[in-house]
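Student: structure of the sequence below:
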Amino acid sequence: MTLPLRTAHTADLDPADLRAARALLDEAFDGGFGDEDWDHGLGGMHALVHDDAGLAAHGSVVMRRTLHRGRWLRTGYVEAVAVRADLRRTGLGGRVMGALERIVDRAYDLGALSASEDGAPLYTARGWQQWSGQVCALSPDGIVRLPEEEGGVYVRLALAGPLDPAHALVFDWRDGDVT
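Tutor: Residues are numbered from 1 along each chain as shown. You can find the predicted model right below:
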């Protein structure tokens, strides 16, 4: 049986949905998912899969701005992707990503995300490309390079066309992890 997948904006999720998503993320990231990480995943579209035991998988895409070659791109930034431990490697992560990718492809110039080593195979198998150029952020003090983020950022070309890794991706600033 295929579990139903639902997409909804943060504003359309009830408090129980949000509590379940946060609990799933806290468990999936072994306590390494902080309040700022949670905040980064809010304000956009969520993909949720439930089963009889509760929330089985979650991910969200939020809008960010990314400067590349002098042009600001509307970026669908994928956040807060997790699958409950007992259901990992069953295709639910791919289903969540499929829903988020549809949103990215239809509503944004570019898709982007930051992946762990464990998560990267899911994204590369779906056509996300590891960004080989510099990663920067437009901080309150101007543009700053984020070398610790390089190698962990993945992009999906939507409407932007090809990107040139000779030119940095400059993400808008936010508290916590910028990417």
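Student: shouldn't Ala99 be in contact with Val49?
Tutor: No: Ala99 is beyond contact range of Val49, at 9.2 Å (criterion: Cβ atoms under 8 Å). Using the backbone N, CA and C atoms, a C-beta is placed for each residue, glycine as well.
Student: any idea which helix or strand carries the most centrally placed residue in the chain?
Tutor: Taking Cα atoms, centre = their mean, the centroid of the chain lies closest to Val78, which sits 1.6 Å from it. Using DSSP states H and E, Val78 maps to strand 71-83.
Student: what's the spacing between the closest residue to Ala82 other than its chain neighbours and Arg64?
Tutor: Leaving aside its sequence neighbours, Ala82 sits nearest to Ala28 (Cβ to Cβ, 6 or more residues apart in numbering; 3.6 Å). Here Ala28 is placed at a distance of 22 Å from Arg64 (Cβ to Cβ, to the nearest Å).
Student: could you list the low-pLDDT ranges of this structure?
Tutor: By pLDDT under 70, the weakly predicted segments of the chain are 1, 158-160.
Student: quick one, helices of it?
Tutor: Under the criterion DSSP state H, the chain contains helices at 15-28, 35-40, 92-107, 120-125.
Student: who are the packing partners of the second one?
Tutor: Same thing as helix 35-40. Judged by 3 or more Cβ pairs under 8 Å, 6 or more residues apart in numbering; DSSP states H and E, helix 35-40 is in contact with helix 15-28, strand 71-83.
Student: the last one too?
Tutor: If contacts are counted by 3+ Cβ pairs under 8 Å, 6+ apart, helix 120-125 sits against helix 92-107, strand 153-157.
Student: quick one: these as TSV, columns for mean neighbour count too.
Tutor: Listed next are the helices and strands packed on helix 120-125 as TSV, based on neighbours: other Cβ atoms under 10 Å:
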stretch	mean neighbour count
helix 92-107	19
strand 153-157	21
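Student: dump those into a markdown table; add distance to His167 as well.
Tutor: Converted to a markdown table, the helices and strands packed on helix 120-125 look like this (distance: least, Cβ to Cβ, whole Å):
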| stretch | distance to His167 |
| --- | --- |
| helix 92-107 | 21 |
| strand 153-157 | 13 |
